[in-house]
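Novice: Sharing a model that was predicted from the sequence below.
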Amino acid sequence: MYGSDKVSDEADRTAFRRAEKKYKLYYKQDSKFSKKKKQPKQVDLSDVLDFKSALEDYINKGVLPQGIRVTKCGLDDTQVFYLENHPGFYFIPGALGLEEQCKWIKESLANFPQPPNRTNHNAIYGPISNLFDAAKENMVLVREDNQPDSHDPASGSCISNGEFHSWKFVDEDFAKAKGKTWKTVPASVLLRKLRWSTLGLQFDWSKRNYDISLPHNKIPDALCQLVKRLAAIAMPVGEEFSPEAAIVNYFGLGDTLGGHLDDMERDWSKPIVSMSLGCKAIFLLGGKSREEPPQAMFLRSGDVVLMAGEARECFHGVPRVFTDEENAEIGPLESALSHGSDSSFLEYIKTSRININIRQVF
């Protein structure tokens, strides 16, 4: 679903697709400069709903945008917004404090992609351990031959000439000494190409269902407790949210998440809890058909979205992530992560967005 522009002419005419194209990152055409030096085209953001500003106006003036309502939840009376025309959708601006944001950024990069949790790299390289540390230390992933590969879905290993091969990280200079006999991939490249990882029950993207037979790590207890608290307002009366699976999405420059439904869980009355970390993005919330014009809204680091009930039947996606210094709006994160070993996390997140979305499967 990342950055896919290969759609039919019919799909290209839908209201949702038109909104995606409106907010997507495009560059000004200028043959004098390479793409890296091209300037982004200006986008009209006047119709993008800004819950940060809405919260400020509500606190200071007691006013709300048309069609927006607010309620409170939790022991700290957190302000929660909802849309009159989208029952089951809730937006909690700044739900995560700065310390929590830093914690989950670190977990998302250092621990969540660890085997047996699966990532988009499994299909090519099998399980990869310690990717973030390897990138930080300028290591490379190697395999001791250059034979064509096929992939064994059962084991997650690569096969060449009928033999299984595992990959491992080694020092870059050591790999260079081996010359062309070793196929290598820089860990930093793999980190930037990390698109998703899965926690808890593992989602099988090829079959579009949860495979309970796959080994997995449980969702950390601290994350479970946080999510239960956040999900409470969207839960049926008298029930408690049970975090069973999570998908972590990683976005860089130009990455998008195409319009889709999250419809593989058994009970849609239970919310999906979606936490935003890092660079600001635009989120599109549509209707039950792609023909319905979506509402665009900003997502900032620390914001949380809940989608339950009827909102689970609505198309949604992310057509734009602002990775430039002027619009990313990650100043507090830069201050908090600028010291010592945290600087490597800052180097990543200042041009990236991470989304953790947690589900109750059964």
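Specialist: Perfect, I can see it now.
Novice: tell me the domain ranges of the chain?
Specialist: 9-111+194-359, 122-192 (automatic domain parsing).
Novice: any idea which of these is most buried?
Specialist: Comparing these by mean neighbour count (mean count of other C-beta atoms under 10 Å), domain 9-111+194-359 comes out on top with a mean of 17. Quick note: C-beta positions are derived from backbone N, CA and C, even for glycine.
Novice: tell me the mean pLDDT over the longest helix seen in the chain?
Specialist: Looking across the chain with DSSP state H, the single longest helix is helix 98-110. On average, the pLDDT along helix 98-110 is 98.
Novice: name the helices or strands packed onto it?
Specialist: Judged by 3 or more C-beta pairs under 8 Å, 6 or more residues apart in numbering; DSSP states H and E, the packing partners of helix 98-110 are helix 131-136, helix 221-231, strand 272-278, helix 331-336, helix 343-349, strand 353-359.
Novice: follow-up on the earlier one: comparing the domains of the chain, which yields the minimum mean pLDDT?
Specialist: domain 122-192 (a mean of 75).
Novice: Report the separation between the two terminal residues of that one.
Specialist: 15 Å (C-alpha to C-alpha, to the nearest Å).
Novice: returning to that earlier point: need the helices and strands packed on helix 98-110 in a markdown table with distance to residue 320, can you?
Specialist: Shown next, in a markdown table, are these (distance: least, C-beta to C-beta, whole Å):
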| stretch | distance to residue 320 |
| --- | --- |
| helix 131-136 | 25 |
| helix 221-231 | 25 |
| strand 272-278 | 13 |
| helix 331-336 | 19 |
| helix 343-349 | 17 |
| strand 353-359 | 10 |
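Novice: So residue 72: helix, strand or coil?
Specialist: strand (DSSP: H, G, I helix; E, B strand; the rest coil).
Novice: Now do the same contact list for the residue lying closest to residue 97 once chain neighbours are set aside.
Specialist: Among residues not flanking residue 97 along the chain, residue 302 sits closest, at 7.2 Å (C-beta to C-beta, 6 or more residues apart in numbering). Going by C-beta atoms under 8 Å, 6 or more residues apart in numbering, residue 302 touches 93, 94, 95, 96, 97, 98, 100, 101, 276, 277.
Novice: and of those residues, the nearest to residue 27?
Specialist: Here the nearest of these to residue 27, counting by C-beta to C-beta, is residue 276; it sits at 25.1 Å.
Novice: Quick one, which of the helices and strands packed on helix 98-110 gets closest to residue 315.
Specialist: Per C-beta to C-beta, nearest to residue 315 of the helices and strands packed on helix 98-110: strand 272-278, 13.7 Å.
Novice: Spell out, range by range, the strands that occur in the stretch 151-300 of the chain.
Specialist: Assigned by DSSP state E, counting those that start in this stretch, the strands in the stretch 151-300 of the chain fall at 157-160, 163-165, 168-171, 183-186, 196-200, 202-204, 209-211, 245-251, 257-260, 272-278, 281-285, 295-299.
Novice: Same list, those strands, but as CSV with distance to residue 58 please.
Specialist: Below are the strands of the stretch 151-300 of the chain laid out as CSV (distance: least, C-beta to C-beta, whole Å):
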stretch, distance to residue 58
strand 157-160, 54
strand 163-165, 58
strand 168-171, 50
strand 183-186, 48
strand 196-200, 34
strand 202-204, 37
strand 209-211, 39
strand 245-251, 29
strand 257-260, 29
strand 272-278, 20
strand 281-285, 20
strand 295-299, 15
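Novice: Which one, of the ones you listed, ends up nearest to residue 57?
Specialist: Shortest separation from residue 57 across the strands of the stretch 151-300 of the chain is recorded for strand 295-299, at 14.6 Å, computed as C-beta to C-beta.
Novice: Report all helices and strands that the closest one contacts.
Specialist: Against strand 295-299 (3+ C-beta pairs under 8 Å, 6+ apart) you get helix 51-61, strand 281-285.
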